[in-house]
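Asker: Provided below are the primary sequence and the corresponding predicted coordinates.
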Amino acid sequence: MDGTSEKHRAVVDAPRDGRSAGGDAPVVGPTQWGCEEPRMVERAKLDADVTKKKRRGGTRGGWRERFVERETVGSEHQDRSHRKQEAPVAPKTSHFPGSGQLRGCNRAAGHPSRSEEPEELLRYVVQFEWPFGPKQVHLRQSKGGLINAVLESWYPASMEEMAVILEDDVEVSPFFFLWILGKQFKGSSSVDPRFVGISLYTPRVGELKLPRPRYNFTSLLLENDDVERKVFRFQLPCSWGALYFAQFWMELRDYVSVRLREGGEAGRFVIPGSRSRGWSDSWKKFAIELFWSKGYYLVYPNLPKQSSFSTNHLEVGKHIGGSSKTHLPIDYTVPLVADASVLSSTLMWSSKTRLESLPLLDIFGSPYRNWNHTRDMLLSGIVPESKLHTASCTEKMRSKLCQRYNWDIHERVQGTDKFTVVLSHFWKPERAKILVELVTHYARSTLVEKVFVVWHNVAAPCPTATTVMATPIKFVRQTCDSLNNRFLVDMQITTEAVFIVDDDIQVHLQDLAMLFASWQQYSSHVVGFFPRWFQPLSSSRGLYVQKMHKLDHDLGYSFMLTKAMMVQSRYLFEYRCGLGVPMHPIVDLHTNAEDLAFNLMMRKLLGWIPAMFVQPEWPVLDYGTYVAGGLHKRSKIHDAARSHCLNQFMAILGLTSWDLCCVGKVIEGQREWPTYSFKQKSFKEIVAYVYNPCKDVNSTSQCRFVPQESLDEVVGSNILQI
């Protein structure tokens, strides 16, 4: 083996921290590796990585400074070693405009006792000329399995790095790099953190359901968007040629380490309707879990006949058998783009095009509905109001939910810089206008990760997912109607903070930002805008009190209503599947007091009253006073029923009246650059009415936060992060 140049180096040991590029591993010349460590040839399974790096000089549109391309030329399966001469051809002859250096990685694997020509394979990899920059060769001591082989093929040196991941039976178009560059101008993850990469490949069939659906993306996108799109967003990772950003790749590596703890999968992760859970030795399965739960997506090309910038040759391997009848070339081997005019005429989007304007498909290939269509459907009353035949919630239903849910995994994918809105809604035509107003309103905040609409009316068809100003809107239809369902347990809630709100309550975005900042200070509390009181009657009994002047004490409040409150998502799981379960039948029997049950559960868990009242700067708009269908209007003895339920909850949890009294402090936020400062004061100082009853979303100014002409100024405030 010759050619001992500066850019041909062999690393004879895998770095201890799992990195496959760089690090502190010992470096020797390629003619020395057999003599330096003979065990590497005699006993080890060999995995050689060739690394090529290209730094682009001058970035555009915030594009990352460093591009990393990883190209596999061999595999751990010896019958693929014949492809060593084939895979590099397209990248080597591809068009790489600009100056700088490109780093890439080729990996070849073998074992002397099984491979007929391991040294020849390694010699080819080491001597392979890469004209775009320096090259490094890395040798692993042993095979680590397909998952590790892929995930350890790239360890980003910085969060500005990115990589194209290719399998060893993937071929790329000569124009694949131009396709990636064409997406740079608006394609930055700073625009949308859910944007984690760019696919080179357009699939013809889906893999997550059986029978496998065939895709026709052109007609699918036309049905939803009425515009022919050559580029779209797809919440599905691609293993047959895709660029990934460093931040996502590092998150994926960390997530997989949790899922494969101690050599086995850590618990369960069920994506309803997906068969990916049964895939073995698959890194893509874990990427799908992250894409589904966190809403990540790749940008995909959409050309005639699924012409793509990469294709798969379906070589026999771990997931494709020698006589496979489920993987046919007609379904997976697509034509490669061979004409550069395609890029200029159809794919290079305008500099004014934004990611959120592109159509979005979920992991199954179903489109997120255009919000205008969904809004018009709701306002026109197409969703019918049927005679209610409400299905009763059973223990079997609850048990099925809790078995499907895994908190240990869920908490690993949760973020702390945003929050999720869970809006509880029972469909009625007269409430449609308010629902549309509130969904649009809350989606406007950049602090909101997603909006979930809990669809309680099991008799009414539920709208499909949509987006509003790039914020995903999920309508979650319930299998039974219960107020307990408002404490939504869902693996797609990927924030630690959850804002629970009624479908007739509108909180100003400034106050919503302040509530979130308050919660970050008091994250174990239930923070909100609607406190309620408790009047002890004896050590084991008391009254629920809605208005403070009816108390015979001034010690403070005891509960925070679910009309508008923020909590940790873990407590939603505790209520639905833990300490809150014994109280569910009482809530269902009376269709009442789920908020009191939640407050008492928190009191039992924490050992102190969790309610924390945050004084809003703006009046909270309350449409429930005038709009039909509010639960508090169903009975003239609403408060008496709540007191009855409250006493039952106290008995179940073993709480006394003295455990529920009282919180005498209030949190008042003050805006200070770049966030808020808080001070506590006595509840006795609060004299202002904190909410306005509103008749209609289009009514007079007291039911509007700001004049329309000043809305852009409020929404665009950097200080408030609205």
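Answerer: Thanks, I have the structure now. Numbering: from 1, shown residues only.
Asker: which SSE is Gly669 in?
Answerer: strand 665-672 (DSSP states H and E).
Asker: now that strand: mean pLDDT?
Answerer: Taken as a whole, strand 665-672 has a mean pLDDT of 76.
Asker: for Gly263, report the pLDDT, please.
Answerer: The model reports Gly263 with a pLDDT of 48.
Asker: equivalent analysis for Val126, please.
Answerer: Looking at Val126, its pLDDT stands at 81.
Asker: export the biggest helix by length in the chain as CSV, just CAs?
Answerer: In the chain, assigned by DSSP state H, the helix with the most residues is helix 638-653. Below are the C-alpha coordinates for helix 638-653, written out as CSV (Å, rounded to 0.1, in the frame of the first residue of the first chain):
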residue,chain,number,x,y,z
HIS,A,638,-72.8,24.3,39.7
ASP,A,639,-70.9,25.5,42.7
ALA,A,640,-72.7,23.1,45.0
ALA,A,641,-71.8,20.2,42.7
ARG,A,642,-68.1,21.3,42.7
SER,A,643,-68.1,21.4,46.5
HIS,A,644,-69.5,17.9,46.6
CYS,A,645,-66.8,16.6,44.3
LEU,A,646,-64.2,18.5,46.2
ASN,A,647,-65.0,16.8,49.5
GLN,A,648,-64.9,13.4,47.8
PHE,A,649,-61.5,14.1,46.3
MET,A,650,-60.2,15.1,49.8
ALA,A,651,-61.4,11.8,51.2
ILE,A,652,-59.8,9.8,48.3
LEU,A,653,-56.4,11.6,48.7
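Asker: buried set for it?
Answerer: Buried residues in helix 638-653, counted by 16 or more other C-beta atoms under 10 Å: 638-639, 641-650, 652-653. Every residue, glycine included, has its C-beta placed from N, CA and C.
Asker: stretch 366-375 now?
Answerer: 367-369, 371, 374-375.
Asker: just send those residues back as a markdown table, with distance to Phe132, secondary structure and pLDDT too.
Answerer: Putting those into a markdown table (distance: C-beta to C-beta, whole Å; DSSP: H, G, I helix; E, B strand; the rest coil; pLDDT from 0 to 100) gives the following:
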| residue | distance to Phe132 | secondary structure | pLDDT |
| --- | --- | --- | --- |
| Pro367 | 39 | strand | 91 |
| Tyr368 | 39 | coil | 91 |
| Arg369 | 44 | strand | 87 |
| Trp371 | 44 | helix | 89 |
| Thr374 | 47 | helix | 88 |
| Arg375 | 50 | helix | 89 |
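Asker: quick one: which of those is nearest to Leu314?
Answerer: Pro367 (28.4 Å; C-beta to C-beta).
Asker: ok, now which ones touch the closest one?
Answerer: 220-221, 223-225, 359-361 (C-beta atoms under 8 Å, 6 or more residues apart in numbering).
Asker: ok, what's across the strand from it?
Answerer: Counting by DSSP bridges, Pro367 forms beta bridges with Leu361.
Asker: can you give me the strands for the stretch 201-350 of the chain?
Answerer: Taking DSSP state E, counting those that start in this stretch as the criterion, the stretch 201-350 of the chain carries its strands at 231-234, 242-245, 297-301, 310-312.
Asker: now render those as CSV, adding mean pLDDT and distance to Arg253.
Answerer: CSV is the format used below for these (pLDDT from 0 to 100; distance: least, C-beta to C-beta, whole Å):
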stretch, mean pLDDT, distance to Arg253
strand 231-234, 92, 22
strand 242-245, 93, 11
strand 297-301, 93, 18
strand 310-312, 92, 23
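Asker: of all the ones you listed, which one is nearest Gly664?
Answerer: strand 297-301 (48.0 Å).
Asker: pairing partners for the closest one, with directions?
Answerer: Going by DSSP bridges, the partners of strand 297-301 are strand 195-199 (parallel), strand 231-234 (antiparallel).
Asker: just say which of the ones you listed is most tucked in.
Answerer: strand 195-199 (a mean of 25; mean count of other C-beta atoms under 10 Å).
Asker: contacts for stretch 214-234?
Answerer: Identification of contacts with stretch 214-234 by C-beta under 8 Å, 6+ apart yields 183, 195, 199, 202-206, 297-304, 306, 331, 346-347, 349, 355, 358-361, 365, 367-370, 373.
Asker: ok, of those, which come out buried?
Answerer: Here, 16+ other C-beta under 10 Å leaves 183, 195, 199, 202-206, 297-303, 306, 346-347, 349, 355, 358-361, 365, 367-369 buried among those.
Asker: now Leu600: closest residue in space, sequence neighbours ignored.
Answerer: Phe649 (4.8 Å; C-beta to C-beta, 6 or more residues apart in numbering).
Asker: please apply the same query to Thr394.
Answerer: Spatial nearest neighbour of Thr394, excluding adjacent residues (C-beta to C-beta, 6+ apart): Cys480 at 7.3 Å.
Asker: likewise Asp595?
Answerer: Nearest-residue entry for Asp595: Thr562, 4.1 Å, with adjacent residues in sequence omitted and distances by C-beta to C-beta, 6+ apart.
Asker: hang on, that neighbour packs against Ala593?
Answerer: No - using C-beta atoms under 8 Å, Thr562 is not in contact with Ala593; the gap is 10.5 Å.
Asker: okay, and the common contacts of these two?
Answerer: Counting by C-beta under 8 Å, 6+ apart, Thr562 and Ala593 have no common neighbour.
Asker: give the contact list for Leu660.
Answerer: Contact analysis of Leu660 by C-beta under 8 Å, 6+ apart lists 534, 536, 542, 558, 600, 603, 609, 650.
Asker: kindly report the same for Tyr300.
Answerer: 199, 201-202, 217, 231-234, 238.
Asker: next one: Tyr405
Answerer: 489, 491, 573, 577.
Asker: what about the last one, how many neighbours?
Answerer: To tie it back to what came earlier, the one meant is Cys577. 17 (other C-beta atoms under 10 Å).
Asker: distance check, it against Gly415.
Answerer: According to C-beta to C-beta, to the nearest Å, Cys577 stands 22 Å off from Gly415.
Asker: still on that earlier bit, and the buried residues of helix 638-653, which is closest to Thr420?
Answerer: So of those, ranked by how close each gets to Thr420 (C-beta to C-beta), first place is Phe649, at 26.3 Å.
Asker: which ones are touching the closest one?
Answerer: Phe649 touches 583, 586, 593, 596-597, 600, 655, counting by C-beta under 8 Å, 6+ apart.
Asker: cool, Asp192 as well?
Answerer: Here Asp192 is in contact with 355-356, 470 (C-beta under 8 Å, 6+ apart).
Asker: quick check, pLDDT for it.
Answerer: Asp192 is given a pLDDT of 82.
Asker: how near is it to Val498?
Answerer: 21 Å.
Asker: closest to Val137 among the contacts of Pro367?
Answerer: Leu361 (39.5 Å).
Asker: state the pLDDT value of that closest one.
Answerer: If you check Leu361, the pLDDT there is 94.
Asker: OK, contacts around it?
Answerer: Per C-beta under 8 Å, 6+ apart, neighbours of Leu361: 220, 232-236, 367-368.
Asker: what do you get if the cut-off is 10 Å, keeping everything else the same?
Answerer: 215, 217, 220-221, 224, 232-236, 297, 300, 367-368 (C-beta atoms under 10 Å, 6 or more residues apart in numbering).
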